[in-house]
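*Asks:* sequence first, predicted coordinates after that:
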Amino acid sequence: MPTKTLASACTLDCPDTCSLDVEVTENKITRIGASDVNPITQGFICSKVSRFAERVYSPDRLLYPMKRVGEKGAGKFTRISWDEAVGTICERFKEIKNEWGGEAILPYSYGGSNALLGQDTSDRAFFAKLGASRLARTVCAAPTSEAAQGMYGKMPGTAFEDYVHAKFILIWGANPKASNIHLVPYLKKARAAGAKIAVVDPKLNFSEKEIDLHLPVYPGTDVVVALALIHHWQKKGWLNWDFLGEHTKNVDVLLKKARQYPPEKAAEIAGVEAEDIKKLAEMYALHDPAVLRCGWGLERNRNGGQSVAAVLALPAVLGKFGLQGSGYTLSNSNAHKVDSRGLTDPIPWNTRIINMNKLGKVLLEENDPPIKGLFNYNCNPVATVPNQKAIIAGLQREDLFTVVSEQVMTDTARFADILLPAVTFLEQKEIKKAYGSYTLHYLDPVIEPLGEAKPNEEVFALLGRSMGWQDQAFFDDTEAYLQRVTRSTHGMGKPVQLDQLKKEKIAFFDFPGRAPVQFQNIFPWTPDGRINFAPGNLGKNPYEYLDLKRNGYPLTLISPATDKLISSTLGEFNFPKLFLVMNPGDARTRSLEKGATARIFNDLGEVFAPVQISRKIRPGVVLIPKGAWRKSSKNGLTSTALVPDDVSSVGGGACFNDARVEVAAA
Ligand code: SF4
């Protein structure tokens, strides 16, 4: 049978959203590569997704519904039919609802790697109808969303391709080499054309030749460094008062706070040189166009929202907008607006909200009602959510009925009572909204679903019908959900035409033109069109710095993304061995050499991992990559076992980089 090349697009949690060409021979994927349907992704893809067929055909792939036959967590299951699986789930959920009320059931999901049919369609209708507890999906991007929404109304950001026009690029808390790789060629082109590049991050992810300045700030102190930049500009008389007067409000709140942080004071708090803060301030102020790439690293601590707000204020106080290659980029997810009310039936749902970062505690502590039923989909909390030991202990509760819908046998799936096989993005029809490039993609399946795997919209419709519910949401098929999604989605006010999207596989924007230029063809989507430096989203004390030192553990653990995993996806084969990265000085003090096994510990737990030594990580900070699976670790625990489940005051976000630890030879 000849090889066919079929069009697809990557739905994984990555800003780029590559268009793909997938080669298929005899209904089997033989190669995944880039296509030029999305010109922004420039004809190449990451090594992660080029190996995605290893997940599709993994020996760990879940192909049929199964029920648990061994102890909870032992991963022993036996095959059952879909009828039995659906019947059991409905029966158990009815029993739980009758005895404890609907709120005793918790749907648990996170949509980073999902497209638009996979979440908030029939699943929402199902859990609303049940009266289940609602989930605050806050493990990522909650503080950044609050800050960007309050200050700018989530105005679309500078397009990656426009970075080539910049003369100064500031990358703050982002690692494009791991999780935004299509920005990198634009950075290189800009630099070749003479642009200066500065990076603010506890770890340097570039070579020294690729950038001009690195500020290795201590995690959680970004807010004071950003305020010190503003302090310096204020002192030099460089604030753009014309822009501030015309386009912003409440700048006095910001400037009052900035006056408290001269560069010397901020330098002491952040563990960097005051001269470097001034150098950064001057680079930014004196170059035009200047652009800011704000990432998600700086939000992952209790000062997260305040830090993001102070960093997003930087282009505003200088008025660095209006030119191609100026402004800022954070998430562009709001550009294609999706009216979630149109995605499913309007079934009221006003039950309690549970912050997903508290899963372990919620499962273990007394609640009224307690969680007796858990439905986990699009998510692997054992590997990705803070307080890992508590989550594991909670999932081991014999009185907890757990359903997991998954593609492969993850660390969370092992704890299921009922396992449902889920399709991968290569086996389904979907619509994917990018959050980096300005594109919307249509996906057809490139292969038939493996085994009896099903897409989410079909699973929850099946469950709803089995419950005996007559709502349309449970009778709509995938095609009907495609219609619902396209009817509810608008790009710059223009509706999406499903037929055209199916034919062309991609839709672009018209700003006018394919890319926005902030304060030229796009302005803040706040109610009055102004940048608000003190929106309610930032709480009573915007820009307030909280000293995050914690009870005696001297090192801060960070857990950033790598080029091997997307959150925890692909951990089944692509990240076999956990490791710890530490600065040579910190290693020497503890008599640790490269390759030695370290014990990383705090009051929450301990993790054992071999040591890597690198000057690229600042003293006082150690690193374990995020998303690793338990099997990669010597003692079955990973970075999240050391992360407290505190949440940030802005957005209730996870505080991964608030983990304080000590490291010793194991
Ligand atoms: S993960 Fe990102 S870079 Fe890799 S294929 Fe998907 S969109 Fe492209």
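*Replies:* On my side now, so go ahead.
*Asks:* for the helix ranked longest in the chain, buried residues please.
*Replies:* Using DSSP state H to define each element, the chain has its longest helix at helix 82-100. Using 16 or more other Cβ atoms under 10 Å as the test for burial, helix 82-100 gives 82, 85-86, 88-90, 92-93, 96-97, 100. Quick note: C-beta positions are derived from backbone N, CA and C, even for glycine.
*Asks:* next: stretch 317-329.
*Replies:* Here stretch 317-329 shows 317-321, 323-329 as buried, counting by 16+ other Cβ under 10 Å.
*Asks:* off-centre distance for that stretch?
*Replies:* Distance of stretch 317-329 from the chain centroid (Cα atoms, centre = their mean, to the nearest Å) equals 25 Å.
*Asks:* kindly report the same for stretch 624-641.
*Replies:* 18 Å.
*Asks:* how close does the residue nearest in space to the middle of the chain get to the ligand?
*Replies:* Nearest to the geometric centre of the chain sits Cys140, at 4.5 Å (Cα atoms, centre = their mean). Distance check for Cys140 against the ligand: by Cβ to the nearest ligand atom, to the nearest Å, it reads 15 Å.
*Asks:* that residue sits in which helix or strand?
*Replies:* Secondary structure assignment for Cys140, by DSSP states H and E: no helix or strand.
*Asks:* as TSV, the buried residues of helix 82-100 with distance to the ligand would be great.
*Replies:* Listed next are those as TSV, based on distance: Cβ to the nearest ligand atom, whole Å:
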residue	distance to the ligand
Trp82	30
Ala85	31
Val86	32
Thr88	35
Ile89	32
Cys90	36
Arg92	36
Phe93	35
Ile96	37
Lys97	39
Trp100	40
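*Asks:* pipe the residues you listed into JSON lines and attach pLDDT per row.
*Replies:* Below are those laid out as JSON lines (pLDDT from 0 to 100):
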{"residue": "Trp82", "pLDDT": "98"}
{"residue": "Ala85", "pLDDT": "98"}
{"residue": "Val86", "pLDDT": "98"}
{"residue": "Thr88", "pLDDT": "98"}
{"residue": "Ile89", "pLDDT": "98"}
{"residue": "Cys90", "pLDDT": "98"}
{"residue": "Arg92", "pLDDT": "98"}
{"residue": "Phe93", "pLDDT": "98"}
{"residue": "Ile96", "pLDDT": "98"}
{"residue": "Lys97", "pLDDT": "98"}
{"residue": "Trp100", "pLDDT": "98"}
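*Asks:* distance between the ends of stretch 434-447?
*Replies:* 23 Å (Cα to Cα, to the nearest Å).
*Asks:* tell me the helix or strand right after the longest helix of the chain.
*Replies:* Taking DSSP H and E, what comes next after helix 82-100 is strand 105-108.
*Asks:* so what are the sheet partners of that next one and their directions?
*Replies:* strand 373-377 (parallel) (DSSP bridges).
*Asks:* so what touches whichever helix or strand comes after the strand it pairs with?
*Replies:* Downstream of strand 373-377, the next assigned helix or strand under DSSP H and E is helix 381-384. Helix 381-384 has contacts (Cβ atoms under 8 Å, 6 or more residues apart in numbering) with 108, 110, 139, 356, 359, 388, 391-392, 395, 410-412, 415, 567-568, 571, 626-630, 638, 640.
*Asks:* please redo it, this time with the cut-off set to 7 Å
*Replies:* 108, 139, 359, 388, 391-392, 410-412, 567-568, 571, 627-629, 638, 640 (Cβ atoms under 7 Å, 6 or more residues apart in numbering).
*Asks:* before we move on, what about stretch 111-120?
*Replies:* 11-13, 109, 137, 140, 338, 340, 343, 378, 425, 430-433, 443, 455-457, 478, 481, 485, 566-567, 569.
*Asks:* which of these fall in helices?
*Replies:* 456-457, 478, 481, 485.
*Asks:* for these, which ChimeraX command selects only the ones that are buried?
*Replies:* Typed into ChimeraX, the line below selects the buried ones among the ones in helices among the contacts of stretch 111-120, using 16+ other Cβ under 10 Å:
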select :456,457,478,481,485
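*Asks:* what about the ligand: which of the ones in helices among the contacts of stretch 111-120 touch it?
*Replies:* Among the ones in helices among the contacts of stretch 111-120, none lies close to the ligand by the criterion of Cβ under 6 Å from any ligand atom.
*Asks:* what's near enough to touch the closest residue to the ligand within the stretch 51-200 of the chain?
*Replies:* Per Cβ to the nearest ligand atom, Ile181 is where the stretch 51-200 of the chain lies closest to the ligand, at 5.1 Å. Shown in contact with Ile181 (Cβ under 7 Å, 6+ apart): 16, 46.
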